[in-house]
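J.: below is the sequence, then the predicted model.
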Amino acid sequence: MRILYTIALCAMTAASALPCISRGGGESAAVAYKNPLDVAFGDPFILRASDEKYYMYGTSENEKGFRACVSDDLAHWAELGRVYEGALPESWTLKNFWAPEVYEIKGKYYMLFSADWKENPANELENFRIGVAVADSPDGPFKDLMNRPIFDPGYPIIDANLHFENGRVYLYYSRCCYKNPVASEIADWARKQGWFQEIEESWVYGVEIKPDFSGIIGEPELLLRPPVRMDDKQAEWESRSVTSREVNRRWTEGSFVFKKNGTYYMMYSANYFGGKNYAVGYATSDNPLGPFRKAGNNPVLQKNTDRGGDVTGTGHNMVFTHADGTMYCVYHGRTTTTGDKRMVFIDRIEIAPDGKLTVDGPTTTRQIIRQACGPGQTPGLH
C-alpha cells in the first residue's frame with residue numbers, strides 16, 4: 001500500500017503551495033485549494049496520525065471494504081488503495097461497506113464501520129451493524145477485531161461515531177429507516193396527498209461502550225429524530241425528501257459529536273443521501289448522552305443552487321480543528337460537473353461566543369490553509 005503513495009495522486013483541484021509569510025513573529029506557508037477535492041468519497045473522515053500525516057477514509061462505490069488517501073498539508077492527497085477488506089466470512093457479506101471512522105488508541109488504529117451482518121435468519125433486506133477492525137498503521141491493513149458486531153440492537157444500524165472523555169467511550173449511531181414507520185403530522189399529510197401510505201424514519205442513538213469495543217454499557221438512548229409536528233422549526237428542511245415526493249423516508253443520520261467550550265455539539269444529516277436535499281444541522285447538550293436541543297439556525301449546510309451555485313447533496317460531515325485554531329467541516333457533495341459521484345469538500349466552521357455554529361460553505365472558490373514553515377512544524381488535528 002505504501003508504494004501507491006508515491007505513484008498514485010488524488011491531488012486536490014488547483015491546489016498549490018504559496019511562499020512563507022510572517023504571522024505574529026512566526027513563519028507560515030499558505031496552501032491553496034478549491035472544492036470539491038479530487039477525492040470521490042462519501043462519508044469522509046480525516047485522522048491526523050502520530051506520524052503527523054492526514055489520513056482520509058470514506059465510502060467508495062461498489063468497494064468490498066475501504067480505501068484511503070494521505071496528505072501532508074490537507075491540500076495534496078495521495079491514493080493508498082484499499083486499507084480494509086471484509087475478510088471474515090462469518091461476519092460480513094461482501095457488500096455495503098459504509099462510513100468508516102478511524103481512531104488512534106495507544107499506538108493502534110481502530111476502524112469503525114457499517115456493513116451487512118451475515119447473521120440474518122429472517123433474510124432482512126437491510127441488516128447493517130457496526131463492526132471494528134484494527135491495524136498497526138493508519139494505512140492498514142485493517143483486520144476485523146472480532147467475528148461479530150460491537151452489539152446487536154435488534155434493528156439495522158449505521159454511521160458509527162465515537163467521543164472519548166475521562167476514560168469513557170461513547171458510541172453514536174443511526175437506526176435505519178428500514179421497517180421503522182412512524183406516526184407524525186408529515187406522515188398524515190403525505191397520506192392525504194395520496195403519495196405515501198407511511199413514512200419510515202431513522203433516529204440517532206447514543207450509548208457508552210466498553211473501551212475494548214466488546215460491548216455496550218447500559219442501554220442506548222434516543223438522542224435525535226425528525227419532528228413530529230409540521231409547525232416545528234426543523235420540520236421543513238428535515239422533510240424535503242417527503243415533500244419533494246422523492247421517497248417515503250425521513251433521515252437523521254451521519255452524526256458527529258464534539259465538545260467546545262463545555263457544550264456538546266452533535267452535527268447530523270437529514271434527507272435522502274442520494275438526492276439534492278441532503279443537508280446538515282446540529283444540536284447541543286450539556287451531557288454526552290443528551291438531551292440534545294436542535295439549533296434554530298438549521299440547516300447550517302445545504303445545496304446552493306438557489307443562490308447561483310451548483311453544489312447539491314451536502315452531508316455526512318465530520319469536524320477537525322487545525323493547529324492555528326481554525327475549525328473545518330469535512331463532508332461530501334455533488335456538482336453539475338461531478339454528476340452522481342460524491343466528492344469531498346472542506347470548509348470552515350465558526351462558533352460564535354453565544355455558541356451559534358455556522359459553516360462557511362459549500363464553497364467552490366479558492367480557499368487557504370495555513371501551514372507552519374520549517375521541518376517538523378506541521379499543523380495538528382484535535
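T.: All right, it came through fine.

J.: from here on, contacts and neighbour counts on C-alpha atoms
T.: Fine.

J.: where is the longest strand in this protein?
T.: Using DSSP state E to define each element, the chain has its longest strand at strand 311-321.

J.: who are the packing partners of that one?
T.: Under the contact criterion of 3 or more C-alpha pairs under 8 Å, 6 or more residues apart in numbering; DSSP states H and E, the helices and strands touching strand 311-321 comprise strand 42-48, strand 253-260, strand 263-270, strand 279-285, strand 327-335.

J.: what would the ones you listed look like in TSV with distance to residue 139, mean pLDDT and mean neighbour count?
T.: Supplementary listing: these in TSV, determined by distance: least, C-alpha to C-alpha, whole Å; pLDDT from 0 to 100; neighbours: other C-alpha atoms under 10 Å:
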stretch	distance to residue 139	mean pLDDT	mean neighbour count
strand 42-48	11	96	24
strand 253-260	23	98	21
strand 263-270	27	98	23
strand 279-285	29	98	24
strand 327-335	20	97	24
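
J.: now render the ones you listed as a markdown table, adding distance to residue 244.
T.: Rendered in a markdown table, the data for the helices and strands packed on strand 311-321 read as follows (distance: least, C-alpha to C-alpha, whole Å):
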| stretch | distance to residue 244 |
| --- | --- |
| strand 42-48 | 23 |
| strand 253-260 | 19 |
| strand 263-270 | 14 |
| strand 279-285 | 14 |
| strand 327-335 | 19 |
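
J.: looking at these, which is closest to residue 361?
T.: In terms of C-alpha to C-alpha, the element of the helices and strands packed on strand 311-321 nearest to residue 361 is strand 327-335, at 9.0 Å.

J.: how big is the angle separating the helix or strand following the closest one from strand 327-335?
T.: Tracing the chain C-terminally past strand 327-335 and defining elements by DSSP states H and E, one meets strand 343-351 next. Counting by axes from the mean of the first three to the mean of the last three C-alpha atoms, to 10 degrees, strand 343-351 points 140 degrees away from the direction of strand 327-335.

J.: what packs against the helix or strand immediately after strand 343-351 in the chain?
T.: Secondary structure here is assigned by DSSP H and E; on that basis, the next helix or strand after strand 343-351 toward the C-terminus is strand 357-359. Applying 3+ C-alpha pairs under 8 Å, 6+ apart, one finds that strand 357-359 makes contact with strand 343-351.

J.: would you mark the buried spots in the strand it packs on?
T.: 343, 344, 345, 346, 347, 348, 349 (16 or more other C-alpha atoms under 10 Å).

J.: now these as CSV including distance to residue 331 and pLDDT?
T.: Output for those, formatted as CSV (distance: C-alpha to C-alpha, whole Å; pLDDT from 0 to 100):
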residue, distance to residue 331, pLDDT
343, 8, 97
344, 6, 98
345, 5, 98
346, 7, 97
347, 9, 98
348, 11, 97
349, 12, 97
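
J.: using PDB, write out every CA atom in the longest strand of the chain.
T.: Listed in PDB are the C-alpha atoms of strand 311-321, where the atom choice follows Å, rounded to 0.1, in the frame of the first residue of the first chain:
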ATOM      1  CA  VAL A 311     -23.500  22.100  -5.300                       C
ATOM      2  CA  THR A 312     -26.100  19.700  -4.000                       C
ATOM      3  CA  GLY A 313     -26.300  16.700  -1.700                       C
ATOM      4  CA  THR A 314     -24.100  18.100   1.000                       C
ATOM      5  CA  GLY A 315     -23.900  15.900   4.100                       C
ATOM      6  CA  HIS A 316     -22.400  13.300   6.400                       C
ATOM      7  CA  ASN A 317     -19.800  15.500   7.800                       C
ATOM      8  CA  MET A 318     -17.000  15.400  10.500                       C
ATOM      9  CA  VAL A 319     -15.100  18.200  12.200                       C
ATOM     10  CA  PHE A 320     -11.500  18.900  13.000                       C
ATOM     11  CA  THR A 321      -9.500  21.800  14.400                       C
END
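
J.: parallel or antiparallel, which strands does it pair with?
T.: Sheet partners assigned to strand 311-321 using DSSP bridges are listed as strand 327-335 (antiparallel).

J.: ok and the partner strand relative to strand 42-48, angle-wise?
T.: Going by the same axes, to 10 degrees, strand 327-335 is angled at 150 degrees with respect to strand 42-48.

J.: next one: strand 327-335 to chain centre, how far?
T.: Shown here is strand 327-335, whose average C-alpha point lies 9 Å from the average C-alpha point of the whole chain (C-alpha atoms, centre = their mean, to the nearest Å).

J.: between strand 279-285 and it, find me the angle.
T.: Taking the same axes, to 10 degrees, one finds that strand 327-335 is oriented at 150 degrees with respect to strand 279-285.

J.: other residues contacting strand 327-335?
T.: Outside of strand 327-335, the residues that reach it under the criterion C-alpha atoms under 8 Å, 6 or more residues apart in numbering are 36, 41-46, 310-322, 340-350, 359.

J.: now do 6 Å
T.: If you take C-alpha atoms under 6 Å, 6 or more residues apart in numbering as the criterion, strand 327-335 is touched by 42, 44, 310-321, 342-349.

J.: quick one: residues contacting residue 44.
T.: When contacts are counted by C-alpha under 6 Å, 6+ apart, residue 44 touches 57, 58, 331.

J.: can you lay out those residues as JSON lines showing distance to residue 183?
T.: As requested, these are arranged in JSON lines below (distance: C-alpha to C-alpha, whole Å):
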{"residue": "57", "distance to residue 183": "37"}
{"residue": "58", "distance to residue 183": "34"}
{"residue": "331", "distance to residue 183": "31"}
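
J.: ok, so of these, who is nearest residue 136?
T.: Checking the contacts of residue 44 against residue 136 by C-alpha to C-alpha gives residue 57 as the nearest, at 16.1 Å.

J.: how near is the closest one to residue 66?
T.: Using C-alpha to C-alpha, to the nearest Å, one obtains 7 Å as the distance from residue 57 to residue 66.

J.: with residue 59 instead?
T.: Residue 59 sits 7 Å away from residue 66 when distances are taken as C-alpha to C-alpha.
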